[in-house]
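Student: here's my sequence, what's the structure:
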Amino acid sequence: MLIISSREFNQDLGRAKKSSLSSPVVITERGKPTHVLLSYDDYQHMLTQQPKITDLLALEADIAFEPSKTLMTLKTVDLD
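Tutor: Sure, this is the predicted structure:
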């Protein structure tokens with residue numbers, strides 16, 4: 001994976017585009033990753049790999065969930 005600064009990206013866009021055909025290119029600003037350049041095919045593949053919310057909601061797997069008990073106290077209210 002190629003990691004380049006935004007300055008390098010602006011100066012050599014061709015290199016970044018060519019590199020993105022084989023793997024994502026990470027673009028940094030002040031040393032921090034801020035953008036990723038992907039080929040269009042990789043982007044389309046990524047989109048098809050993400051599950052749809054309807055599929056996730058339709059899962060029949062049992063999910064263990066035990067909420068903690070909450071102690072509640074009632075206070076009397078004077079409405080006069």
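
Student: show me the strands in this structure, by range?
Tutor: In the chain, the segments counted as strands under DSSP state E are 2-5, 25-29, 32-37.

Student: could you export the second one as PDB, CA atoms only?
Tutor: Coordinates of each C-alpha in strand 25-29 appear next as PDB, following Å, rounded to 0.1, in the frame of the first residue of the first chain:
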ATOM      1  CA  VAL A  25      -3.300   4.700  -1.900                       C
ATOM      2  CA  VAL A  26      -3.400   6.500   1.500                       C
ATOM      3  CA  ILE A  27      -3.100  10.300   1.300                       C
ATOM      4  CA  THR A  28      -1.900  12.100   4.400                       C
ATOM      5  CA  GLU A  29      -2.000  15.700   5.600                       C
END
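
Student: how far away from the center of its chain is that strand?
Tutor: 16 Å (CA atoms, centre = their mean, to the nearest Å).

Student: likewise the longest one?
Tutor: Its chain's C-alpha centre lies 13 Å from the corresponding centre of strand 32-37 when counted by CA atoms, centre = their mean.

Student: lowest average confidence, helix or strand, in the chain?
Tutor: Across the helices and strands of the chain, mean pLDDT, DSSP states H and E gives its lowest value to helix 53-57, namely a mean of 77.

Student: sorry, back to before: winner for burial among the strands of the chain?
Tutor: Of all those, strand 25-29 carries the top mean neighbour count, a mean of 17, counting by mean count of other CB atoms under 10 Å. No exception for glycine: its C-beta is placed from N, CA and C like everyone else's.

Student: show me what that strand is packed up against.
Tutor: When contacts are defined as 3 or more CB pairs under 8 Å, 6 or more residues apart in numbering; DSSP states H and E, strand 25-29 packs onto strand 2-5, helix 6-11, helix 13-20, strand 32-37.
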